[in-house]
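> Only the shape, not the letters, is given here:
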């Protein structure tokens with residue numbers, strides 16, 4: 001059988017159910033179909049990975065659905081049960097759909113497998129995309145889970161909260177230096193036109209700090225990288241005692257982990273909103289939205305998180321990180337810190353596990369690792 005390779009260029013395939021034929025089962029005894037097996041299994045894969053499927057069939061044809069169009073790839077034999085395969089090469093995040101039916105079109109089954117592309121080594125997405133953030137404007141969560149890949153960090157941005165969902169970056173000693181940017185926070189020109197671009201002045205008189213998620217001091221090897229952290233897509237409203245004390249102390253500690261060059265780290269941070277709890281500003285007043293705004297008619301409503309969380313994994317510097325990381329050789333730090341004026345000053349008081357952060361956010365961190373390693377990291381709790 002000739003192998004057919006398809007190159008996909010869009011970020012995610014969304015399928016309209018109207019394009020699938022509505023079919024009744026047939027009594028034709030020559031038609032048999034089993035379950036499809038995808039190779040590799042759905043999950044995080046490297047860009048350029050070839051996806052195959054196989055199925056025990058008799059009298060059945062298969063086709064892909066791409067961009068709401070039917071694409072025939074192989075007609076399978078009608079005289080015997082056999083196992084065949086078709087392949088496509090995945091170069092971006094995809095849900096792969098395959099449809100099977102008989103020649104008359106009156107037997108139909110649909111199968112799917114979702115794949116997320118891991119980033120290159122020493123980038124935030126190397127271990128996977130925690131929320132499957134996307135740039136595909138057809139995606140259901142396009143406005144609330146938009147993927148921004150900056151030069152030195154990555155963001156999932158939410159146009160409803162007007163905050164990042166998460167920010168991820170790789171940290172090593174060469175990222176540290178004396179670079180400096182002294183200007184205001186900037187609107188991010190990479191956001192699509194339909195997104196509100198938060199301004200520096202939207203925080204003015206809001207009684208909250210413009211709190212970096214990826215901190216400036218983690219990206220100050222030069223002035224340009226330092227400036228790149230000052231997009232408003234990289235900040236959330238943080239109470240001063242969170243941002244300037246306990247959060248800043250943890251930021252300093254993460255840099256000590258890598259400053260000698262012996263270690264490197266992968267870091268994620270973001271906000272969390274708890275329905276039955278509110279943040280408090282520097283005056284101790286409970287707040288849901290910045291500057292007291294409560295509805296879109298009041299202007300832009302930047303939601304104030306009730307807590308901020310951070311995940312750090314640090315291990316000895318080297319190459320092929322996915323193959324050499326273990327729970328035993330990795331420092332794991334996970335914290336969830338209240339965004340309240342009376343927050344404590346010691347970040348160790350807010351230690352939790354990655355599992356706990358996954359539970360409250362719904363994200364899946366480090367999915368590119370083997371399950372045994374991923375699970376061990378996510379269960380590990382920091383201790384000195």
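Structure's in. What do you need? From a predicted model like this one, the values you see are computed outputs, not experimental measurements. Numbering: from 1, shown residues only.
> Which residue ranges of the chain form helices?
For the chain, the helices defined by DSSP state H cover 223-228, 240-241, 247-258, 321-324, 354-361, 371-379.
> With mean pLDDT and mean neighbour count as extra columns, can I get these in JSON lines?
Quick note: C-beta positions are derived from backbone N, CA and C, even for glycine. Output for these, formatted as JSON lines (pLDDT from 0 to 100; neighbours: other CB atoms under 10 Å):
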{"stretch": "helix 223-228", "mean pLDDT": "96", "mean neighbour count": "17"}
{"stretch": "helix 240-241", "mean pLDDT": "96", "mean neighbour count": "18"}
{"stretch": "helix 247-258", "mean pLDDT": "98", "mean neighbour count": "17"}
{"stretch": "helix 321-324", "mean pLDDT": "94", "mean neighbour count": "15"}
{"stretch": "helix 354-361", "mean pLDDT": "98", "mean neighbour count": "18"}
{"stretch": "helix 371-379", "mean pLDDT": "97", "mean neighbour count": "16"}
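> Which of those sits closest to residue 49?
Nearest of those to residue 49, taken as CB to CB: helix 321-324 at 14.0 Å.
> For that closest one, which helices and strands make contact with it?
Using 3 or more CB pairs under 8 Å, 6 or more residues apart in numbering; DSSP states H and E as the contact test, no helix or strand touches helix 321-324.
> what sits up against it?
Where contact means CB atoms under 8 Å, 6 or more residues apart in numbering, the residues beyond helix 321-324 that reach it are 121-122, 126-127, 264, 266, 315, 318, 368-369.
> Figure out which of the helices of the chain is closest to residue 139.
Closest among these, using CB to CB: helix 354-361, at 18.5 Å.
> Distance to residue 198 added to the helices of the chain, as CSV?
Formatted as CSV, the helices of the chain follow (distance: least, CB to CB, whole Å):
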stretch, distance to residue 198
helix 223-228, 16
helix 240-241, 19
helix 247-258, 20
helix 321-324, 33
helix 354-361, 21
helix 371-379, 32
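> Residue 310: which of those helices is closest?
Nearest to residue 310 among these is helix 247-258 (6.5 Å), distances taken as CB to CB.
> contact partners of the closest one?
171-173, 175-176, 211, 215, 217-218, 238, 263-265, 267, 308, 310, 312, 314, 331, 333, 335, 337, 345-347.
> pLDDT-wise, which helix or strand of this protein ranks last?
Using mean pLDDT, DSSP states H and E, the weakest-scoring helix or strand in the chain turns out to be strand 69-75, at a mean of 44.
> quick one: contacts for the nearest residue to residue 223 once chain neighbours are set aside?
Nearest residue to residue 223, sequence neighbours excluded (CB to CB, 6 or more residues apart in numbering): residue 179, at 4.6 Å. Going by CB under 8 Å, 6+ apart, residue 179 touches 219-226.
> quick one: residue 179 and residue 216, what's the gap?
9 Å (CB to CB, to the nearest Å).
> repeat for residue 267
Taking CB to CB, one finds residue 267 at 14 Å from residue 216.
> Comparing these two, which residue is more hemmed in?
When neighbours are counted by other CB atoms under 10 Å, residue 267 and residue 216 differ, and residue 267 comes out ahead with 24 against 18.
> Between residue 179 and residue 216, which contacts overlap?
Common neighbours of residue 179 and residue 216, counting by CB under 8 Å, 6+ apart, are residue 226.
> Which one of the helices of the chain lies nearest to residue 50?
Proximity to residue 50 (CB to CB) singles out helix 321-324 among the helices of the chain, at 19.1 Å.
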